[in-house]
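# sequence unavailable; structure follows:
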């Protein structure tokens, strides 16, 4: 193998291991020497700012120059100390100058291959390849090849994802000799693409709030918060706000906050998810998106075990939803690796969900009616939501009777809290339900973050019916379907205990027959 494009077929056994030791070690593309110095300088920017400030105070700028020089040298050394090898058994990565590290991943354990191209990578024709095994690992333990020639990456990605190739049949040719029959590749069918109208859902996600919080934290952490607070502009703003009054000030602050977070959320949505395209060739789903930096994820249909339709409360009010794939060996915590659709119209999300589940799920999976869990489940949700509020109200009543100093605005807040808690409990109950039939299971739960999981029964490794102390007293139970895909388990919460094992039996005949008869 002389380049990343010359990837040997997957093999096993002593001969394959011996052949692997003869494979040469390869270096990353030399163009990374133009990328890593810049990325490392950005990474150590706080330290550079601090040393520059120190140099300005002392009149000696050697500290800032020394830190800058060391950062650049360290980045260049990464190319000389990084090499990789793709053999028939393992994919291996060697890194480190003073502390050598060898990361080896069995090719049979590869579950995801993500390809990303940041702005500088795209300008130089390079890509970042990340190989995942489905296990949660520290960023330092991640198998990442940064950077490879972008022209070689698509073929490399397909070869790495082909972890168990089937032997092609041999057929006699016109010359009487037996030739390997190569099946023509299946055409890719587009099942979803980006629409500019989807940007309207961005303000209904938490993205803008997270960005504002991160920027505010950075400002105060760097010490700029005090400088800004002492500036003439800040003092002038405080004086103007004082003249407006507290009510107007709070209202203005809320409006400004909503406008800023919405704009930031829309900008990030366009940059990250622009040019989204989802295709399916019958064997693999491919999801690509991004305007400045691009990301391409390949999902092997053989490892597809279902979907997760997510509808957080505010996004649900706007009529939107997100869609993730439930993949064996791909953790739900790696949301970028399992993403199928970002925030999009519910109708589009359900259409794509049905297309993704064409081979493993029920027809019109998103429209399957769910079985409610009964009045006991409603009572438990009301109890959980109202108990803390009622406890606070009881304390307020005692204080009022003893001192009589509780202002009326507190009682108004208590009434609002009771109404909100009741509405939340009812909404949680309305979102609670399940459906089970031979071959698949659907479970839905949550209010603030409502999720609807459709899981193939063949991907479920085991079942558990459990009861807490309070569930036993109420006569309900929680069914836990354990799987190696997605979040690892999918729960059906607070079903009547006498129906629990019959639900298991309906989804996976034979899994709960003994208990169902009891």
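Ah, there it is. In this text the structure is predicted, and so the values were computed from the model without any measurement.

# let me see the ranges of the strands in the stretch 301-450 of the chain.
Counting by DSSP state E, counting those that start in this stretch, the stretch 301-450 of the chain forms strands over residues 304-312, 320-327, 339-345, 433-437, 440-445, 449-456, given from the N-terminal end onward.

# now these in TSV, with distance to residue 419, mean neighbour count and mean pLDDT?
All C-beta atoms are positioned from the backbone trio N, CA, C, and that covers glycine. Formatted as TSV, the entries for those read as follows, by distance: least, CB to CB, whole Å; neighbours: other CB atoms under 10 Å; pLDDT from 0 to 100:
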stretch	distance to residue 419	mean neighbour count	mean pLDDT
strand 304-312	21	24	92
strand 320-327	26	25	92
strand 339-345	28	23	93
strand 433-437	24	20	92
strand 440-445	23	24	93
strand 449-456	20	22	92
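
# now those strands as JSON lines including distance to residue 21?
Formatted as JSON lines, the entries for the strands of the stretch 301-450 of the chain read as follows, by distance: least, CB to CB, whole Å:
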{"stretch": "strand 304-312", "distance to residue 21": "35"}
{"stretch": "strand 320-327", "distance to residue 21": "32"}
{"stretch": "strand 339-345", "distance to residue 21": "38"}
{"stretch": "strand 433-437", "distance to residue 21": "50"}
{"stretch": "strand 440-445", "distance to residue 21": "45"}
{"stretch": "strand 449-456", "distance to residue 21": "40"}
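
# figure out which of the ones you listed is closest to residue 156.
Closest approach to residue 156 among the strands of the stretch 301-450 of the chain (CB to CB): strand 320-327, 20.2 Å.

# remind me what the closest one packs against, helices and strands.
Counting by 3 or more CB pairs under 8 Å, 6 or more residues apart in numbering; DSSP states H and E, the packing neighbours recorded for strand 320-327 are strand 294-300, strand 304-312, helix 335-338, strand 339-345, helix 346-356, strand 449-456.

# closest one to residue 374 among the ones you listed?
Taking those one by one with CB to CB, strand 449-456 is closest: 19.1 Å.

# what's the next secondary structure element after that closest one?
Remark: after strand 449-456, the chain's next helix or strand is strand 460-466, criterion DSSP states H and E.

# in a markdown table: the helices and strands packed on strand 320-327, plus distance to residue 474.
Written out in a markdown table, the entries for the helices and strands packed on strand 320-327 read as follows (distance: least, CB to CB, whole Å):
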| stretch | distance to residue 474 |
| --- | --- |
| strand 294-300 | 40 |
| strand 304-312 | 27 |
| helix 335-338 | 34 |
| strand 339-345 | 36 |
| helix 346-356 | 33 |
| strand 449-456 | 23 |
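
# do you know which of those lies nearest residue 74?
It is, among the helices and strands packed on strand 320-327 and with distance given as CB to CB, strand 294-300, at 26.7 Å.

# residues contacting that closest one, please?
Defining contact as CB atoms under 8 Å, 6 or more residues apart in numbering, one finds that strand 294-300 is touched by 111-117, 122, 157-158, 161, 275, 283-289, 325, 327, 330, 336-339.

# that one versus strand 339-345: what angle between them?
In this structure, strand 294-300 runs at an angle of 110 degrees to strand 339-345, with axes from the mean of the first three to the mean of the last three CA atoms, to 10 degrees as the basis.

# just checking: what are the partner strands of strand 294-300?
When pairs are called by DSSP bridges, strand 294-300 turns out to pair with strand 112-117 (antiparallel), strand 284-289 (antiparallel).

# and those, which is most packed in?
Among the strands paired with strand 294-300, ranked by average contacts under mean count of other CB atoms under 10 Å, first place goes to strand 112-117 (a mean of 21).

# what is the neighbour count of the closest residue to residue 466 other than its chain neighbours?
Closest residue in space to residue 466, ignoring its immediate chain neighbours: residue 478 at 5.5 Å, by CB to CB, 6 or more residues apart in numbering. Per other CB atoms under 10 Å, the neighbour tally for residue 478 reads 17.

# ok so residue 478 is a strand residue?
Yes. If the criterion is DSSP: H, G, I helix; E, B strand; the rest coil, then residue 478 is within a strand.

# contacting residues for it?
Residues in contact with residue 478 (CB under 8 Å, 6+ apart) are 465-467, 471, 491-495.

# out of those residues, which is most surrounded?
In those, the most neighbours by other CB under 10 Å go to residue 492, 29 neighbours.

# from memory it sits against residue 435, does it?
No. Between residue 492 and residue 435 there is no contact, the gap being 9.9 Å when judged by CB atoms under 8 Å.

# hmm, back to that, between the contacts of residue 478, which is nearest residue 69?
residue 491 (55.1 Å).

# can you list phi and psi of residue 369 for me?
Main-chain dihedrals, residue 369, degrees, to the nearest 10: phi -70, psi 140.

# and it, how many neighbours does it have?
Around residue 369 there are 8 other residues, counting by other CB under 10 Å.

# surely it meets residue 442?
No. Using CB under 8 Å, residue 369 is not in contact with residue 442, being 9.7 Å away.
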